[in-house]
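In: With the input below, show me the fold.
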Amino acid sequence: MHKEVINSILEKQKKGIVFEFPQQCQTLQTYEIRYSAVDTLGDLLFTNNNSVIYRGIKKESLNKFIELYETGILQTFVEYNFIPKFKISNYRLDNYSIILEIEKLRVIYPYFWSYSMIKAEAILKLNLIEILDYFGYGLVDGHSSNATFKDGKPIFFDFGSFAKGIKSDYAKLEIIRSNILPLIMMSIKKSYFPRYKLLGDSPEKILPGVDFERSFEVKNAIKKFRNILNCNLVNNVLNKKTIKSGFVNKLFNFETTHKKYKTPWKNYYPETHPDKKVSGRFKKVIEKINEYCSDCKTFLDLAGNKGYLAYWVKNNTNIQDVSSSDYDTLAIESGIKIFKDDGINFYVLNCMSPFLNIQNFKSDIVCAMAVTHHLLLTQKIDINYMFNTLKSYVGKYIFIEFCPLGMYSLDNPDVKPEVPDFYTIEWFEEYFKKHFELINKEVIEKVNIKGETFDHRILYVGKIYS
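Out: Residues are numbered from 1 along each chain as shown. Here you go, the predicted model:
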């Protein structure tokens, strides 16, 4: 990959790239500036509704940007989806000689990433460093808050961190902190510490004044990891002078490090890639999306397990920004493996957690299939809280299943489980209508129990009240 990307940049340089200023410029009227502490090129500019994002190139950084632009590095990184698409806009401001229009991305921070995603993002940054180094550039920032995922692949959006004539030593240290140490800790046991601490924020804010790499927790994890896997490789990825993308790829193999790791919902769906043609009750979901939601652009499946529904939405509707989430990490890892080339975003997410910042998860369409009976009956979550929390993810429409038979299972097809007296279709519908406008209701699955037919799954399609 390195040689291919480098050769592509060299080919552009042979042909020659000349930066051209826009001929006619106008003043950007309404915007909010988000200043950067270390960005060497400029600042981000957001319009009021955040529909368009700009990067203003400071006057004092103009020559640096033009020089970088004329290397062909940025254009090639865009072609390989390493960085967002951008174009030179016709806007100008007094403090910014050039204003770039930047592709808008759904930025989901590392707290919601799985093991394989943390690894993939580390490899991307190390690849960038090696390519930049070939052309005399370096990476200023290596922490994971400068990246997100697009179509299931990591993308680094802070190309203001590309600077000429610098080494990437500090960026490599940040990669070790934000990627390598969490991967090591997640490799040795089912550890929530890296997700809540290392991935949640910078170590300095959590443990001020503490040399985090030398803390007991991290040192103990490294020691155990060395005993499990190749010691030299471990040393290599923990050293800024020797860390390479190839070492990271070889060392952190999810199937090797998580052999004995089990979760409740990992086997809910098979490990095979499904056909594009959708069948069963999900066919009804697709039909309703195409009927009611033709203007929608984003889709999120909550408690989506391995992402089968997301895959069918991607391939049977016009929606291309498709995400699947679940709190079962093994289900997420299986989904990433099965759909690795299908452009689906995966996230580790407990959709009912009251402590998460979920604003960036908001999607035009949100699905919650085969989950409400678990929330209401097993976890005993209040129905108003459930709907209100689900509503926080919804931009326009919600698709949600109600299971009148409660915890009925096809593993015991002749057993009709008892449900509380309050747990009725009327009860569910009453509360649904408090939070959403009901636009469609349909039984999408029936079951036969000892000769009697019962409604098993009812699909509700709702819309946010205007």
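
In: contacts and neighbour counts: CA atoms only from here.
Out: Will do.

In: Can you mark which positions in stretch 153-172 are buried?
Out: 153-164, 167-169, 171-172 (16 or more other CA atoms under 10 Å).

In: what's the straight distance from one end of it to the other?
Out: 21 Å (CA to CA, to the nearest Å).

In: what do you get for stretch 329-346?
Out: First-to-last residue span, stretch 329-346, CA to CA: 10 Å.

In: chain center to that stretch, what's the gap?
Out: 11 Å (CA atoms, centre = their mean, to the nearest Å).

In: Repeat that for stretch 37-48.
Out: The answer for stretch 37-48 is 22 Å, by CA atoms, centre = their mean.

In: Need the contact partners of that stretch.
Out: With contact meaning CA atoms under 8 Å, 6 or more residues apart in numbering, stretch 37-48 is reached by 30-36, 52-58, 61-62, 64-65, 96, 140, 160-163.

In: Out of the residues you listed, name the ones that lie in strands.
Out: Taking DSSP state E, the ones among those that sit in strands are 32, 33, 34, 53, 54, 55, 56, 57, 58, 96, 162, 163.

In: and the last one, how far is that from residue 137?
Out: Okay, so that is residue 163. Distance of residue 163 to residue 137, given as CA to CA: 5 Å.

In: Just the buried residues of the helix or strand encompassing residue 217, please?
Out: Here residue 217, judged by DSSP states H and E, is contained in helix 216-228. Neighbour counts over helix 216-228 (16+ other CA under 10 Å) mark 218, 221, 222, 225, 226 as buried.

In: Output the below-cut-off pLDDT ranges for the stretch 351-466 of the chain.
Out: 355 (pLDDT under 70).

In: now the chain
Out: Residue ranges of the chain with pLDDT under 70: 48, 50, 189-216, 230, 255-271, 355.

In: Show me which of the contacts of stretch 37-48 are buried.
Out: 31, 53-58, 62, 64-65, 96, 140, 160-163.

In: Between those, which sits nearest residue 187?
Out: Nearest to residue 187, judged by CA to CA, of the buried ones among the contacts of stretch 37-48 is residue 140 at 28.1 Å.

In: my guess is the closest one contacts residue 173, does it?
Out: No - with contact defined as CA atoms under 8 Å, residue 140 does not count as touching residue 173 (10.8 Å).

In: that older thread, of the buried ones among the contacts of stretch 37-48, closest to residue 386?
Out: residue 53 (33.2 Å).

In: which residues does the closest one contact?
Out: Going by CA under 8 Å, 6+ apart, the list of residues near residue 53 reads 44, 45, 46, 47, 101, 102, 103, 104.

In: and the third one, how many residues sit next to it?
Out: Spelled out, that is residue 46. When neighbours are defined as other CA atoms under 10 Å, residue 46 has 17 of them.

In: Any chance of the backbone angles for it?
Out: phi -110, psi 140 (degrees, to the nearest 10).

In: ok, it to residue 34 distance?
Out: As judged by CA to CA, residue 46 and residue 34 stand 8 Å apart.

In: likewise the fourth one?
Out: Distance of residue 47 to residue 34, given as CA to CA: 11 Å.

In: cool, and the last one?
Out: Going from residue 104 to residue 34 by CA to CA gives 15 Å.

In: Tell me where the stretch 1-150 of the chain has strands.
Out: Remark: strands assigned in the stretch 1-150 of the chain by DSSP state E, counting those that start in this stretch are 26-27, 32-34, 42-46, 53-58, 86-88, 91-92, 96-102, 137-139, 147-150.

In: got the ones you listed as CSV, with distance to residue 274 columns?
Out: Listed next are those as CSV, based on distance: least, CA to CA, whole Å:
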stretch, distance to residue 274
strand 26-27, 51
strand 32-34, 44
strand 42-46, 40
strand 53-58, 37
strand 86-88, 35
strand 91-92, 47
strand 96-102, 35
strand 137-139, 40
strand 147-150, 22
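
In: Name all residues that make contact with residue 126.
Out: 172, 244, 245.

In: residues near residue 1, how many?
Out: Residues contacting residue 1 under the criterion other CA under 10 Å number 9.

In: and the gap between it and residue 126?
Out: 12 Å.

In: now residue 44
Out: Taken as CA to CA, the span from residue 44 to residue 126 is 24 Å.

In: can you check residue 377 too?
Out: Counting by CA to CA - residue 377 and residue 126 are separated by 47 Å.
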